[in-house]
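>>> next input, structure requested:
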Amino acid sequence: MLFPTLPHAAQAVEGDSGVSTYANTPTASINVPSTINFTTITPTAAGTTTTATANLTVTTTDSAGYSLYLYSSDGNNSLTSINPANTSTIDAINNGGVGLTLSSLEPNTWGYNLGTANPSTNTTYTAVPTTDTTPIQTKDTSSTNSANDTYTLSFGAKVDTTIASGTYTNSLTVAVVADPPAVSGLTSITYMQEMTPEICANSNENDTTRLIDSRDGKYYWVAKLKDGNCWMTQNLDLDLTEEGLSPSDSDISTTWNRDSTYPPQTTSTTIADVRSTSSYDPGLHVKNAPANYQLYCNSSSSAPFESQSCIDAGWTDVSSFTAMNEENQLGTSIIDDSYDAHYLVGNFYAWNIAVAGSYTQGTEAPDSICPKGWHLPSDSSNDFYTLLNSYGIGTITDGNVALGPLYIQYSGSIFYDTIQTPTPKAPDPGVPPHLTSAGSSGTYWTSSSGTLLYINNTQVSPSSTFYTWPLMSVRCLAD
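Numbering: from 1, shown residues only. A predicted model of the protein is given here:
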């Protein structure tokens, strides 16, 4: 009897692809019988052949490919007798690596074949390797990043009457090494929620693309900037509902909905409602000359960006225009009937909404309304300061922050009531909600309570503090 014994192993390791970061750790497994038995045969003087066959299944996940190995466990690829007194062996095929059919085998030799069908008279066999230096099978799975492949592993042998009868065996190892998919840069992904720290790390400075927020299908420009981080280079434009957000696609640890301590409200489309909704969608508007901070508007109109004062300041409704798919290097927001979405004003949010209700006054909020894989800039981490400082922007600005590569817009803010001075600085409920300084100042929340980036025509303050109830813009950066 002949018994090739197969103690098998599955290994998932990072192959040497020359790429230092990977999206996920691959997994790999092998399913193959632990023992494969040849049929009992009666040798003849001319030699009698026999085969043994089993299915071998390789399964991988998060892999760009795999290598399958088969080799003798102790470096000896001969079949040896289980009787220590019997020194006869059935040796591995020795034919210079060229496969031989079963009938062509020399007497008292054996080999293996890996295929996808049961062996036939034309199946060729080769010697079992003695080391794991060369795989017997490789496969590229980069198109699916997974595999579930079943092979037919067969062994063939020929024995004659010159060796002693008995049971001959060998112990073989089967192993699979899965190669992880190499992480490309941010231009290789489609959705905001696909962003990972590895993808950002693998991107080059100034790499830029448009990504889709899977929550509502809206597109956002993103870029890797000089500070080494990947940022949205466009204001967040997410409309909220009372149904809230889910951790599956948003930067929150638990579901945020109407049952939460600080529940979301449906985003309003008129500023008269912002006292109750704490978020406002002005529609699609860009400023014709985004860096010209001398042109600005204030308005308490229900649709302030469509008021005459804002139109006179250069704000334009581009809802009937087409968004550009290529980055515009001209510093203009509109070309013919197309607009550059970098310059969209986006939505306005109160701080407690920007942090998805996760706040405790005076603390750093752990959550935000950013897409999953993104978060609000942190004041304690000096995110805005580090970004601006990397471009040499200190405490003053000439308006160029509104242009590329930062595209930090002078979107203004939404106030309602008025802070009275001097103390106690209580809100005056008699003042209606209104848009202020749209075109000459910009305010962007951080995750730190009441702390924001403030820019206007003369100054840049990346760590301003203010009340949490006014509505301001939101930018997100990648985790």
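>>> tell me where the stretch 201-350 of the chain has helices.
274-277, 308-312 (DSSP state H, counting those that start in this stretch).
>>> check the offset of the longest one from the chain's centre.
Going back to what we said before, that points to helix 308-312. Helix 308-312 sits 42 Å away from the centroid of its parent chain (Cα atoms, centre = their mean, to the nearest Å).
>>> same deal with the shortest one?
On the basis of Cα atoms, centre = their mean, the separation between the geometric centre of helix 274-277 and that of its chain is 35 Å.
>>> does anything pack onto the helix or strand that contains residue 53? Which helices or strands?
Taking DSSP states H and E as the criterion, residue 53 maps to strand 48-61. Other elements packing on strand 48-61 under the criterion 3 or more Cβ pairs under 8 Å, 6 or more residues apart in numbering; DSSP states H and E are strand 2-5, strand 27-31, strand 65-72, strand 146-159, strand 168-179. Heads up, the C-betas are built off the backbone N, CA and C, glycines and all.
>>> the fourth one vs strand 27-31, what angle?
Pointing back at strand 146-159 there. 40 degrees (axes from the mean of the first three to the mean of the last three Cα atoms, to 10 degrees).
>>> direction included, what does strand 146-159 pair against?
Here strand 146-159 has these sheet partners by DSSP bridges: strand 48-61 (antiparallel), strand 109-115 (antiparallel).
>>> wait, what's in contact with residue 378?
Residue 378 is in contact with 364, 446-448, counting by Cβ atoms under 8 Å, 6 or more residues apart in numbering.
>>> nearest the geometric middle of this structure, what residue?
Nearest residue to the geometric centre of the chain (Cα atoms, centre = their mean): residue 194, 3.3 Å.
>>> sorry, back to before: including mean pLDDT, distance to residue 78 and mean neighbour count, could the helices and strands packed on strand 48-61 go into TSV?
Output for the helices and strands packed on strand 48-61, formatted as TSV (pLDDT from 0 to 100; distance: least, Cβ to Cβ, whole Å; neighbours: other Cβ atoms under 10 Å):
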stretch	mean pLDDT	distance to residue 78	mean neighbour count
strand 2-5	49	11	19
strand 27-31	92	24	17
strand 65-72	95	8	21
strand 146-159	95	11	20
strand 168-179	93	7	21
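>>> quick one, which of those strands is nearest to residue 471?
strand 146-159 (45.3 Å; Cβ to Cβ).
>>> about what we covered before: closest to residue 457 out of the strands paired with strand 146-159?
strand 48-61 (54.2 Å).
>>> hang on, the earlier thing: okay, buried residues for the strand holding residue 53 please.
49-54, 56, 58-61 (16 or more other Cβ atoms under 10 Å).
>>> can you show me the CA trace of that strand as CSV?
C-alpha atoms of strand 48-61 as CSV (Å, rounded to 0.1, in the frame of the first residue of the first chain):
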residue,chain,number,x,y,z
THR,A,48,2.1,-1.9,-12.2
THR,A,49,0.7,1.6,-12.0
THR,A,50,-1.7,3.1,-9.5
THR,A,51,-3.1,6.5,-8.7
ALA,A,52,-4.6,8.4,-5.7
THR,A,53,-6.8,11.5,-6.1
ALA,A,54,-8.3,14.1,-3.8
ASN,A,55,-9.8,17.6,-4.0
LEU,A,56,-7.8,20.5,-2.7
THR,A,57,-9.6,23.8,-2.1
VAL,A,58,-7.9,27.1,-1.6
THR,A,59,-9.9,30.0,-0.1
THR,A,60,-8.6,33.5,0.4
THR,A,61,-10.0,36.9,1.3
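>>> if I look at residue 382, how far off is residue 376?
In this view, residue 382 and residue 376 are 13 Å apart by Cβ to Cβ, to the nearest Å.
>>> got any ranges where the stretch 301-450 of the chain has weak pLDDT?
360-362, 395-398, 417-430 (pLDDT under 70).
>>> phi first, then psi, for residue 188.
phi -90, psi -10 (degrees, to the nearest 10).
>>> one step back: kindly indicate the member of the contacts of residue 378 with the most neighbours.
residue 446 (29 neighbours; other Cβ atoms under 10 Å).
>>> that one: what's its closest spatial neighbour, skipping adjacent residues?
Leaving aside its sequence neighbours, residue 446 sits nearest to residue 379 (Cβ to Cβ, 6 or more residues apart in numbering; 4.4 Å).
>>> returning to what we had before: could the buried residues of strand 48-61 go into TSV alongside distance to residue 280?
Shown next, in TSV, are the buried residues of strand 48-61 (distance: Cβ to Cβ, whole Å):
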residue	distance to residue 280
49	82
50	81
51	76
52	74
53	70
54	67
56	62
58	55
59	51
60	49
61	44
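>>> let's have these in JSON lines, adding distance to residue 253 and pLDDT.
Listed next are these as JSON lines, based on distance: Cβ to Cβ, whole Å; pLDDT from 0 to 100:
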{"residue": "49", "distance to residue 253": "65", "pLDDT": "94"}
{"residue": "50", "distance to residue 253": "62", "pLDDT": "93"}
{"residue": "51", "distance to residue 253": "58", "pLDDT": "93"}
{"residue": "52", "distance to residue 253": "55", "pLDDT": "94"}
{"residue": "53", "distance to residue 253": "53", "pLDDT": "95"}
{"residue": "54", "distance to residue 253": "48", "pLDDT": "94"}
{"residue": "56", "distance to residue 253": "43", "pLDDT": "95"}
{"residue": "58", "distance to residue 253": "37", "pLDDT": "95"}
{"residue": "59", "distance to residue 253": "33", "pLDDT": "95"}
{"residue": "60", "distance to residue 253": "31", "pLDDT": "94"}
{"residue": "61", "distance to residue 253": "26", "pLDDT": "91"}
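>>> what is the nearest of those to residue 37?
Within the buried residues of strand 48-61, the smallest distance to residue 37 is 6.0 Å, found for residue 52 (Cβ to Cβ).
>>> hang on, residue 461 packs against residue 454?
Yes - taking contacts as Cβ atoms under 8 Å, residue 461 lies within contact range of residue 454: 4.5 Å.
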